[in-house]
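*Asks:* here are the coordinates; sequence isn't available:
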């Protein structure tokens, strides 16, 4: 019978296999999806892994989950909440090499020590996701597989909101011949080296836009792989003197950038109920799937929320138990159904047209959303989005875009 290696054994084995590693990045994403990190030496990481109950080795001065400095949505009245800091607790099973020979990266959960022990991880997104996955399996026997399609755009630099000069041909072979495609190829090679499988990759519609699709995994692994893939894309682009952005629409007149999710459920007989539940709460879920003020600028026409076997629907049903959720920072206008067809099918809900609209739907669906996210996570997320609405609405679109492009 095989046994799971201890944290210390895992780290020791990893460092033995990769002797050039000298620095470990500890990474989280805050409530505004800004990646944050601290580093220790590799030798310090060994010590941390050897003492998993002592979580104070990697600690931030403030409560990092609340931070929004880089996206301009920071309220001074939250200083009381920001006090006392957090412990960054590494999930050592996520430890992977980066494109730098001397650095590795591990994803962390956030432990809020100012809270009672039973609530240390209530606001931590990784813990919330793990709890949901466990509940689905233990209570309902449901298991999910998730795969992401990652679209990104290459800019000339972080300071210039200008796409690189390259062929603008969706799926074009001319794009593959262009030197910019080396960013895609090197990213795929780097991901495959750390056992993140990539299924396909190609040029997208807009200038300097590309897409790569990750193989499906359980929801936690899929999310971890997504975070690692995004960091790899950014790092490889920087190596080539370019800047990769995930901004949903960095240019007002250009094609938007999406990050679609493919979700499959292990029990085909419950797939209709799963779809019905998704549609019943999708307006509230949009506050997360379209998680920034400018996510809604990608849609020039408002559409009805529904599903279809056609690929341009917000929810594309591919098979009996596989769905493509196309709303996350969507690429195309969400126009699916005419008024007449929607009325005939009993569909009256429309895609939210703004973050304010989406948060309103989330608050209207508060009972279910609190059951899903937990009270503290839900309350914190809603407060952040309201702060974002207040601050972002007073900024120019260009100022908002530059902040997001520089941080995300």
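*Replies:* All right, it came through fine. Model, not experiment: these values are computed from the prediction.

*Asks:* could you pull out the buried residues of the top helix by length along the chain?
*Replies:* The longest helix of the chain (DSSP state H) is helix 219-239. Neighbour-count burial for helix 219-239 flags 219-220, 222-237 (criterion: 16 or more other CB atoms under 10 Å). C-beta coordinates here come from the backbone N, C-alpha and C atoms, glycine included.

*Asks:* what about the next helix or strand after that helix, average pLDDT?
*Replies:* Using DSSP states H and E, the helix or strand that directly follows helix 219-239 along the chain is strand 243-245. In this model, strand 243-245 has an average pLDDT of 94.

*Asks:* output the contacting helices and strands for strand 243-245.
*Replies:* When contacts are defined as 3 or more CB pairs under 8 Å, 6 or more residues apart in numbering; DSSP states H and E, strand 243-245 packs onto strand 144-155, helix 219-239, helix 397-407.

*Asks:* helix or strand right after that strand?
*Replies:* Where DSSP H and E defines the elements, the next helix or strand beyond strand 243-245 is strand 261-265.

*Asks:* packing partners of that next one?
*Replies:* Applying 3+ CB pairs under 8 Å, 6+ apart, we find strand 261-265 packed against strand 144-155, strand 322-325.

*Asks:* worst mean pLDDT among the ones you listed?
*Replies:* It's strand 322-325: among those, that one has the lowest mean pLDDT, namely a mean of 80.

*Asks:* strand partners (parallel or antiparallel) of it?
*Replies:* Applying DSSP bridges, strand 322-325 is found paired with strand 261-265 (antiparallel), strand 315-317 (antiparallel).

*Asks:* chain center to it, what's the gap?
*Replies:* 17 Å (CA atoms, centre = their mean, to the nearest Å).

*Asks:* repeat for stretch 389-396
*Replies:* So, by CA atoms, centre = their mean, the centroid of stretch 389-396 is 23 Å from its chain's centroid.

*Asks:* now do the same contact list for residue 12.
*Replies:* By CB atoms under 8 Å, 6 or more residues apart in numbering, residue 12 lies in contact with 46, 49.

*Asks:* brain fart, residue 389
*Replies:* Residue 389 is in contact with 293, 355, 356, 359, counting by CB under 8 Å, 6+ apart.

*Asks:* with those residues in mind, which one is nearest to residue 247?
*Replies:* When the contacts of residue 389 are ranked by distance to residue 247 (CB to CB), residue 293 comes first, at 11.5 Å.

*Asks:* and that closest one, how many neighbours?
*Replies:* Applying other CB atoms under 10 Å, we find 24 residues neighbouring residue 293.

*Asks:* quick check: pLDDT value at it.
*Replies:* With respect to pLDDT, residue 293 has a value of 81.

*Asks:* for the residue nearest to it when sequence neighbours are not counted, give me phi and psi.
*Replies:* If the residues on either side of it in the chain are set aside, residue 293 comes closest to residue 392, at 3.9 Å by CB to CB, 6 or more residues apart in numbering. Main-chain torsions, residue 392, degrees, to the nearest 10: phi -70, psi -30.

*Asks:* quick check: residue 392 touching residue 399?
*Replies:* No: using CB atoms under 8 Å, residue 392 is not in contact with residue 399, being 9.3 Å away.

*Asks:* average pLDDT across the helix or strand harbouring residue 286?
*Replies:* Assessed by DSSP H and E, residue 286 sits inside helix 271-289. Helix 271-289 carries an average pLDDT of 83.

*Asks:* check which residues of it are buried.
*Replies:* By 16+ other CB under 10 Å, the buried positions in helix 271-289 come out as 271, 274-275, 278-279, 281-289.

*Asks:* just flag the most distant two among those residues.
*Replies:* 271 and 287 (24.5 Å).

*Asks:* re earlier: which strands and helices sit next to the longest helix of the chain?
*Replies:* Contact here means 3+ CB pairs under 8 Å, 6+ apart; on that basis helix 219-239 packs against strand 23-29, strand 35-41, strand 103-111, helix 125-140, strand 144-155, helix 181-193, strand 209-214, strand 243-245.

*Asks:* other residues contacting that helix?
*Replies:* By CB under 8 Å, 6+ apart, the list of residues contacting helix 219-239 reads 27, 29, 35, 91, 94, 96, 98-100, 105, 107, 126, 129-130, 132-133, 144-148, 150, 152, 154, 183, 186-187, 190-191, 194, 196, 212, 214, 216-217, 243-244, 246.

*Asks:* now stretch 167-182
*Replies:* Around stretch 167-182, the neighbours that count as contacts under CB under 8 Å, 6+ apart are 154, 164, 166, 202-208, 210, 240, 242.
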